[in-house]
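S.K.: Predicted model and sequence follow; I will ask about them next.
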Amino acid sequence: MNASASTSGTGVDVEIDDVQSGALHPRPVPYVGRFVFLRVDDRDAGRTLLRRLLPSVEGGLPSADPNQDAWVAVAFTYQGLRALGVPQESLDSFPRAFRQGMAARAHLIGDVGESDPAHWEPPFGTADVHVVLSALSPDEARLEKALERARAACQETPGVTVTWQQEVRQLPTGRTTFGFRDGISHPHIEGLGLPGSNSQEAPLKAGEFLLGYPDETGNLPPMPSPDVLGRNGTYAAVRKLHTNVAAWRQYLRAHTSSEQEEALLAAKMVGRWPSGAPLTLSPEHDDAELGNDPHRNNDFLYRENDDRGFRCPAGAHIRRVNPRDATIIGDARMHRLIRRGTTYGPPLPEGVLEDDGADRGLIGVFIGAHIERQFEFIKTEWVNDGNFIGYPGEQDPVAGHHGGTGS
């Protein structure tokens, strides 16, 4: 598919119909979905599978028909491309971080201690992940319809093995297992015709997220060879993030003296109130009307109203992973990502402070054209160090690797 579309006035033509829908637009609300990992045991079988999967993979902008608001996306690891028979010369042209894989670079991104790859759920971090399928939909019926062809393709192709599956869904509260509204912030990408969630943010170059287009430096991101392997594609880091909700609640209880203080401390750590209302716009109390308004709940910058972090602390989670226009060391626009977070597992009942043993958390997908200066940089420099905001060694209170010893 090579049809193009452009946004008037940008001068950029993005071949939108050749870009997978899963990389283009936010998840539906509400949502259900499924992630599936496949291992290719036979090269010819793997290629047959791809031919059968192709009709299932959606490209282009979201459909105006709500009955079609579901999509399947496919991605490949380095090991998967090798199993499919991509020549070594082409494999060598991919960036080092992609070739090595996340487990080999765990020490760089702070996956240590309990998060060390030795403790990862199989087959994460192993050579048994070749193809990743993801599907999202507003409801079960449309999800099953979207997955029907993909499921048949897998079942009809001996030599391809399903190694892992995970169902995801929006909790009844519409929030994460920690109790916070998620999926609020989306970048405005030049040439796509999809508005970002912050009207005050200048559009980012398409090459920050898609291969084959100029990025914020004015250059083309490095492309694998031949170009057909990369053009209109992107990279994605897929992570399963277990959330210890009981420990979170215990920490809040131990460091406050009232429910009001608990709520404020949690908001200061995240940078938003549970409703999604940002501290920068509502520093004293939660504001459900603001949190529920997609035209307002992400429409802010830091420098004019909160440059020194008196409203939203400089070390809060959302301010670390997207400093916007705040005064920091470096250029925040060089490190933006598309984030796709989906919840799995049951919620821990309200008020419960002891862990019930259930597996719950987020499946995070972090999308960009530059693995090292986007995903890895954010993890290394912004999440697991505070030097860029003048607090060397201090880590993200929610996502850092401090193991409970941070300040």
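M.R.: In hand now; what should we look at?

S.K.: contacting residues for the residue of the chain most remote from its centre?
M.R.: Relative to the C-alpha centroid of the chain, counting by CA atoms, centre = their mean, residue 257 is the outermost residue, at 34.8 Å. When the contact criterion is CB atoms under 8 Å, 6 or more residues apart in numbering, residue 257 has no partners at all. To be clear about C-beta, it is placed using only N, CA and C from the backbone, and glycine gets the same treatment.

S.K.: what's the single longest helix in the chain?
M.R.: In the chain, assigned by DSSP state H, the helix with the most residues is helix 140-155.

S.K.: strand partners of whatever helix or strand comes next after that one, parallel vs antiparallel please.
M.R.: With elements assigned by DSSP states H and E, the helix or strand that comes after helix 140-155 is strand 160-169. Each strand paired with strand 160-169, and its direction, by DSSP bridges: strand 32-40 (antiparallel).

S.K.: Count the residues that sit near the closest residue to residue 153 other than its chain neighbours.
M.R.: Among residues not flanking residue 153 along the chain, residue 52 sits closest, at 3.6 Å (CB to CB, 6 or more residues apart in numbering). Summarising burial for residue 52: neighbours were counted as other CB atoms under 10 Å, giving 17.

S.K.: do you know how far residue 52 is from residue 268?
M.R.: The spacing between residue 52 and residue 268, counted by CB to CB, to the nearest Å, is 50 Å.

S.K.: so for whichever strand or helix holds the residue nearest to residue 153, what's the average pLDDT?
M.R.: Element membership for residue 52, per DSSP H and E: helix 43-53. On average, the pLDDT along helix 43-53 is 95.

S.K.: what packs against it?
M.R.: If contacts are counted by 3 or more CB pairs under 8 Å, 6 or more residues apart in numbering; DSSP states H and E, helix 43-53 sits against strand 32-40, strand 71-76, helix 78-83, strand 131-137, helix 140-155, strand 160-169.

S.K.: Next, the angle strand 32-40 makes with it.
M.R.: Between the axes of helix 43-53 and strand 32-40, defined by axes from the mean of the first three to the mean of the last three CA atoms, to 10 degrees, the angle is 150 degrees.

S.K.: if we can go back for a sec, could I have the longest helix of the chain exported to CSV, CA atoms only?
M.R.: Provided in CSV are the C-alpha atoms of helix 140-155 (Å, rounded to 0.1, in the frame of the first residue of the first chain):
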residue,chain,number,x,y,z
GLU,A,140,-14.7,-8.4,23.0
ALA,A,141,-16.8,-9.0,19.9
ARG,A,142,-14.8,-6.6,17.7
LEU,A,143,-11.6,-8.0,19.2
GLU,A,144,-12.4,-11.5,18.2
LYS,A,145,-13.4,-10.5,14.8
ALA,A,146,-10.2,-8.6,14.3
LEU,A,147,-8.2,-11.6,15.5
GLU,A,148,-10.1,-14.2,13.5
ARG,A,149,-7.8,-14.2,10.5
ALA,A,150,-4.7,-13.9,12.6
ARG,A,151,-5.7,-16.9,14.7
ALA,A,152,-6.5,-19.0,11.7
ALA,A,153,-3.2,-18.1,10.1
CYS,A,154,-1.3,-19.3,13.2
GLN,A,155,-3.4,-22.5,13.5
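
S.K.: Please identify the buried residues of that helix?
M.R.: Of the residues in helix 140-155, those with enough neighbours to count as buried (16 or more other CB atoms under 10 Å) are 142-143, 146-147, 149-151, 153-154.

S.K.: Report the contact partners of residue 360.
M.R.: With contacts taken as CB under 8 Å, 6+ apart, residue 360 has the following neighbours: 177, 242-243, 245, 343-348.

S.K.: Quick check: the farthest pair among those residues?
M.R.: Of all pairs drawn from the contacts of residue 360, the greatest distance, 14.2 Å, lies between 242 and 347 (CB to CB).

S.K.: if I look at residue 202, how far off is residue 275?
M.R.: For residue 202, the distance to residue 275 (CB to CB) stands at 27 Å.

S.K.: higher neighbour count, these two?
M.R.: Of the pair residue 202 and residue 275, residue 275 is the one with more neighbours under other CB under 10 Å, namely 19 against 10.

S.K.: Look up the pLDDT of the more buried one for me, please.
M.R.: Per-residue pLDDT puts residue 275 at 98.

S.K.: Check which helix or strand it maps to.
M.R.: Residue 275 belongs to no helix or strand when assigned by DSSP H and E.

S.K.: Give me the spatial nearest neighbour of it, chain neighbours excluded.
M.R.: If the residues on either side of it in the chain are set aside, residue 275 comes closest to residue 291, at 2.9 Å by CB to CB, 6+ apart.

S.K.: picking up where we left off before, would CSV of the buried residues of helix 140-155 with distance to residue 70 be doable?
M.R.: Converted to CSV, the buried residues of helix 140-155 look like this (distance: CB to CB, whole Å):
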residue, distance to residue 70
142, 4
143, 6
146, 4
147, 9
149, 12
150, 12
151, 14
153, 17
154, 18
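
S.K.: on that earlier part again, return the helix holding residue 52 as PDB; C-alpha atoms alone will do.
M.R.: Provided in PDB are the C-alpha atoms of helix 43-53 (Å, rounded to 0.1, in the frame of the first residue of the first chain):
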ATOM      1  CA  ARG A  43      11.700 -20.400   7.800                       C
ATOM      2  CA  ASP A  44       9.300 -21.300   5.000                       C
ATOM      3  CA  ALA A  45       6.500 -21.700   7.500                       C
ATOM      4  CA  GLY A  46       7.300 -18.300   9.000                       C
ATOM      5  CA  ARG A  47       7.100 -16.700   5.500                       C
ATOM      6  CA  THR A  48       3.800 -18.500   4.800                       C
ATOM      7  CA  LEU A  49       2.500 -17.200   8.100                       C
ATOM      8  CA  LEU A  50       3.300 -13.600   7.200                       C
ATOM      9  CA  ARG A  51       1.500 -13.900   3.800                       C
ATOM     10  CA  ARG A  52      -1.600 -15.200   5.700                       C
ATOM     11  CA  LEU A  53      -1.300 -12.500   8.400                       C
END
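
S.K.: Show me which positions of that helix end up buried.
M.R.: 45-46, 48-50, 52-53.

S.K.: Would you mind checking which of those is nearest to residue 168?
M.R.: Distance to residue 168 across these (CB to CB) is lowest for residue 53, with 20.1 Å.

S.K.: That closest one and residue 148 touch, don't they?
M.R.: No: using CB atoms under 8 Å as the test, residue 53 is too far from residue 148 to be in contact (12.0 Å).
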